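Asker: below: sequence and its predicted model.
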Amino acid sequence: MITERINELCEKRKMTVAELERVLGFGNSSIRKWSKKNPGIDKVEKVANYFDVSIDYLLGKSDIKNLAMETKRYEAFEKLTNADVASHLNFIVDQLGSDNYSLLFDGDELDDETRDLLLISLQNTYDLANRMRKK
């Protein structure tokens, strides 16, 4: 799992694993060997720090790349009032229906009824997430 995650992260940075090894001062093909032999925690930590991801993410124990960032998002979400959320949802739906971000349903532009249904769906999703958060 760790080598797969590292390959994905390298691809996103448009770099090779060999380049990563050079940057971090690892021996040639050392990361490839991690699929058969567990690396030392110091090397895993170096890779995690380089990509700004958690060690748990690299090891495949979590799909959250950066817990600190997710925690900040969660804390920001906690501070939103219902009026804030309603305003954000309306903005999103308006943007989806604008010429710049035209949202099409079966080739047709977003009409008022579909816009209202989309807004209700987004509001229901928010309400459900809020109820689940409080449990």
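Answerer: Done, it's in. If you're wondering where the values come from, they're calculated on a predicted model, not measured in any experiment.

Asker: pull the longest helix from the chain.
Answerer: Ranked by number of residues, the top helix in the chain under DSSP state H is helix 112-134.

Asker: which parts of it are buried?
Answerer: Buried residues in helix 112-134, counted by 16 or more other Cβ atoms under 10 Å: R115, L118, L119, L122, Y126. All C-beta spots, glycine's among them, are computed from the backbone N, C-alpha and C.

Asker: any chance of those in JSON lines, plus pLDDT?
Answerer: Formatted as JSON lines, those follow (pLDDT from 0 to 100):
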{"residue": "R115", "pLDDT": "76"}
{"residue": "L118", "pLDDT": "81"}
{"residue": "L119", "pLDDT": "81"}
{"residue": "L122", "pLDDT": "83"}
{"residue": "Y126", "pLDDT": "78"}
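
Asker: circling back: tell me which other helices or strands the longest helix of the chain touches.
Answerer: Applying 3 or more Cβ pairs under 8 Å, 6 or more residues apart in numbering; DSSP states H and E, one finds that helix 112-134 contacts helix 82-97.

Asker: does anything pack onto the helix it packs on? Which helices or strands?
Answerer: Counting by 3+ Cβ pairs under 8 Å, 6+ apart, helix 82-97 packs on helix 112-134.

Asker: the helix it packs on vs helix 82-97, what angle?
Answerer: Counting by axes from the mean of the first three to the mean of the last three Cα atoms, to 10 degrees, helix 112-134 lies at 140 degrees to helix 82-97.

Asker: just how off-centre is helix 112-134 within its chain?
Answerer: 21 Å (Cα atoms, centre = their mean, to the nearest Å).

Asker: what's the neighbour count on D42?
Answerer: 7 (other Cβ atoms under 10 Å).

Asker: quick check: the gap between it and D116.
Answerer: Separation of D42 from D116 (Cβ to Cβ, to the nearest Å): 56 Å.

Asker: how close does D63 sit to V53?
Answerer: D63 is 11 Å from V53, by Cβ to Cβ.

Asker: more neighbours: these two, which one.
Answerer: Using other Cβ under 10 Å as the criterion, D63 and V53 rank with V53 on top: 20 against 7.

Asker: quick one: that one is in a helix?
Answerer: No - under DSSP: H, G, I helix; E, B strand; the rest coil, V53 sits outside any helix and is assigned coil.
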